[in-house]
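Participant: what shape does this take:
(one chain, ligands or ions: 1)
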Amino acid sequence: MEQSEVIMSEASPSEHSHCNSDLSDTEMKEPEPDFYSARTSMASTPTTDYFPDSEEELYDDEPSELPAIPINYNRGRRTSVSAESMAPSQDKDYVKVIIPKTQEQKERIETSIQNNFLFKNLDEEQYKDVIDAMVEKRVLNQEAIIKQGGIGDFFYVVETGTFDVYVSKNGVQEKVHNYGPGGSFGELALMYNAPRAATVIATSDSVLWALDRVTFRRILMENTSRKRKMYESFLEEVPILVSLEPYERHKIADALESAIYENGQLVIKQGDIGNNFFLIESGEARVTKIDEGGIEHELPGLKKGDYFGELALLNNKPRAVNITAKGRLKVATLGKKAFVRLLGPIVDILKRNSDNYETITRNVHQ
Ligand SMILES: Nc1ncnc2c1ncn2[C@@H]1O[C@@H]2COP(=O)(O)O[C@H]2[C@H]1O
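Facilitator: Numbering: from 1, shown residues only. Purely as a prediction, here's the structure:
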């Protein structure tokens with residue numbers, strides 16, 4: 001069947017200044033959220049009709065085939081969504097969503113998604129479809145864009161502004177996360193047909209790009225859930241990551257890329273500038289250090305579940321050692337930006353552990 005297209009009314013161009021984009025986590029101020037009076041507002045009137053008044057409009061009661069919901073995401077409170085196959089990319093009956101945009105709006109979307117891992121690996125058509133379907137949404141400081149327990153309608157990418165995420169457990173609200181420009185949220189309810197797992201509140205006047213659930217499921221869901229599933233059990237077993245929340249490990253999975261090194265291949269060269277952090281998925285690695293006299297010393301090796309490459313990223317120093325594949329080595333890598341953003345909660349542990357290197361090196365030299 002031919003794919004049809006539905007043209008939505010145009011979102012009005014932005015006159016909003018791009019503010020707060022440089023706020024670091026530490027600069028963000030704690031809000032006093034009032035979840036019950038919090039409201040959301042549409043930036044541009046012409047698109048208002050496209051956002052249902054009630055999220056319930058999107059649903060009916062027919063049961064649907066559901067993927068397994070991961071731990072901690074409002075288990076047991078699943079909602080159902082009909083007329084969506086579990087392999088959305090193969091559904092030829094979908095109607096493409098096209099919301100006309102100015103060139104300036106398209107460019108702003110491209111800038112917002114360029115460093116977002118969920119948008120990596122899209123082909124040209126998928127990329128265009130995503131941009132076509134996105135709708136601009138402006139929120140005011142302290143507005144709740146998502147409320148925990150609500151039904152999921154849209155996935156959001158932050159263009160400008162900042163957001164805090166709260167999870168309520170046993171009546172206690174806990175701040176679990178925050179987002180800035182380029183960040184994205186709201187995927188869980190769409191992926192698992194589950195109620196919203198958290199409340200997301202703007203901590204400054206912000207601009208978001210919203211992607212409807214059908215387009216999200218059709219284009220972004222498969223790759224996202226494939227990667228999260230692929231790395232889930234591995235990341236659970238990496239000792240350095242045990243203190244992280246399951247959701248934090250999922251965000252790491254989004255950002256990971258796997259690479260294979262054959263026996264004897266150099267992964268890290270002493271003295272180089274460091275751009276990546278590595279986790280060993282399988283195999284082993286040799287670690288050696290060349291001293292000032294040019295003599296190479298063997299240091300304790302690395303195995304599955306170990307990490308390396310953090311030192312140069314933590315201290316902005318050249319690589320301290322050589323790392324070489326010993327047999328076939330499979331690693332999962334994180335780029336520097338993702339390392340800083342996603343491993344923030346364990347930076348102190350990484351730094352503390354790195355103190356041991358000096359002792360190890362000193363012992364080897366003696
Ligand atoms: N610790 C967390 N647990 C659950 N959701 C989170 C967490 N941190 C950020 N989020 C995001 O908050 C969103 C709330 O809506 P969703 O459940 O659709 O998707 C959720 C995630 O994108």
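Participant: who does the strand or helix carrying A332 pair up with?
Facilitator: Under the assignment given by DSSP states H and E, the secondary-structure element containing A332 is strand 322-335. Strands flanking strand 322-335 in the sheet, each with its direction: strand 257-261 (antiparallel), strand 266-268 (antiparallel), strand 276-290 (antiparallel) (DSSP bridges).
Participant: list the buried ones in the longest one?
Facilitator: Right, strand 276-290. When burial is assessed from 16 or more other Cβ atoms under 10 Å, strand 276-290 yields the following buried residues: N276, F277, F278, L279, I280, E281, G283, E284, A285, R286, V287, K289. C-beta: built from backbone N, CA, C; applies to glycine.
Participant: of these, which is the nearest to A255?
Facilitator: Nearest to A255, judged by Cβ to Cβ, of these is F277 at 10.1 Å.
Participant: separation between T160 and L208?
Facilitator: 9 Å (Cβ to Cβ, to the nearest Å).
Participant: what's the pLDDT at the spatially most central residue of the chain?
Facilitator: The residue at the geometric middle of the chain, judged as the C-alpha nearest the mean C-alpha position with Cα atoms, centre = their mean, is K251 (4.2 Å). Looking at K251, its pLDDT is 93.
Participant: give me the residue from the stretch 251-366 of the chain nearest the ligand.
Facilitator: Among all residues of the stretch 251-366 of the chain, K251 sits closest to the ligand, at 8.0 Å; criterion: Cβ to the nearest ligand atom.
Participant: greatest separation within the buried residues of strand 276-290: which pair is it?
Facilitator: Top of the distance list for these (Cβ to Cβ): E281 and K289, 24.3 Å.
Participant: near the ligand, which residues of the stretch 1-150 of the chain?
Facilitator: Taking Cβ under 6 Å from any ligand atom as the contact definition, the stretch 1-150 of the chain meets the ligand at I146.
Participant: figure out how far the strand holding A332 is from the centre of its chain.
Facilitator: A distance of 23 Å separates the centroid of the chain from that of strand 322-335, by Cα atoms, centre = their mean, to the nearest Å.
Participant: is any residue of the very next helix or strand once past it near the ligand?
Facilitator: Per DSSP H and E, strand 322-335 leads on to helix 336-342 as the next helix or strand towards the C-terminus. No. Contact of helix 336-342 with the ligand (Cβ under 6 Å from any ligand atom) is absent, the minimum separation being 11.9 Å.
Participant: now for helix 336-342, which elements pack on it?
Facilitator: With contacts defined as 3 or more Cβ pairs under 8 Å, 6 or more residues apart in numbering; DSSP states H and E, the packing partners of helix 336-342 are helix 246-255, strand 276-290, helix 310-315.
Participant: and it, what's buried?
Facilitator: In terms of neighbour count (16+ other Cβ under 10 Å), helix 336-342 has its buried residues at K336, A338, F339, R341, L342.
Participant: now swap in stretch 221-236 and tell me
Facilitator: Buried positions in stretch 221-236, judged by neighbour count with 16+ other Cβ under 10 Å: M221, E222, N223, T224, S225, K227, R228, Y231, E232, F234, L235.
Participant: reformat the residues you listed as TSV; add secondary structure, pLDDT and distance to I323.
Facilitator: Written out in TSV, the entries for those read as follows (DSSP: H, G, I helix; E, B strand; the rest coil; pLDDT from 0 to 100; distance: Cβ to Cβ, whole Å):
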residue	secondary structure	pLDDT	distance to I323
M221	helix	93	35
E222	helix	89	33
N223	helix	89	29
T224	helix	93	30
S225	helix	92	31
K227	helix	93	24
R228	helix	94	27
Y231	helix	95	21
E232	helix	93	26
F234	helix	95	19
L235	helix	95	20
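Participant: re earlier: what's the closest of the buried residues of helix 336-342 to E310?
Facilitator: Using Cβ to Cβ as the measure, the one of the buried residues of helix 336-342 that approaches E310 most closely is F339, at 7.4 Å.
Participant: got the helices and strands packed on helix 336-342 as TSV, with distance to E174 columns?
Facilitator: Rendered in TSV, the data for the helices and strands packed on helix 336-342 read as follows (distance: least, Cβ to Cβ, whole Å):
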stretch	distance to E174
helix 246-255	12
strand 276-290	27
helix 310-315	27
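Participant: who does I290 form a beta bridge with?
Facilitator: If you apply DSSP bridges, the partners that I290 bridges to are E296.
Participant: residues contacting it?
Facilitator: Residues in contact with I290, defined by Cβ atoms under 8 Å, 6 or more residues apart in numbering, are Q270, E296, H297, N322.
Participant: who wins for most neighbours among these?
Facilitator: Of all those, the most densely surrounded is N322 (20 neighbours; neighbours counted as other Cβ atoms under 10 Å).
Participant: let me know whether it touches Q265 as I believe.
Facilitator: No. In this structure, N322 is not within contact of Q265 by Cβ atoms under 8 Å, at 11.3 Å.
Participant: give me the neighbour count for P300.
Facilitator: By the criterion of other Cβ under 10 Å, P300 has 10 neighbours.
Participant: surely it and R286 touch.
Facilitator: No. Under the criterion of Cβ under 8 Å, P300 lies out of contact with R286, with a separation of 9.8 Å.
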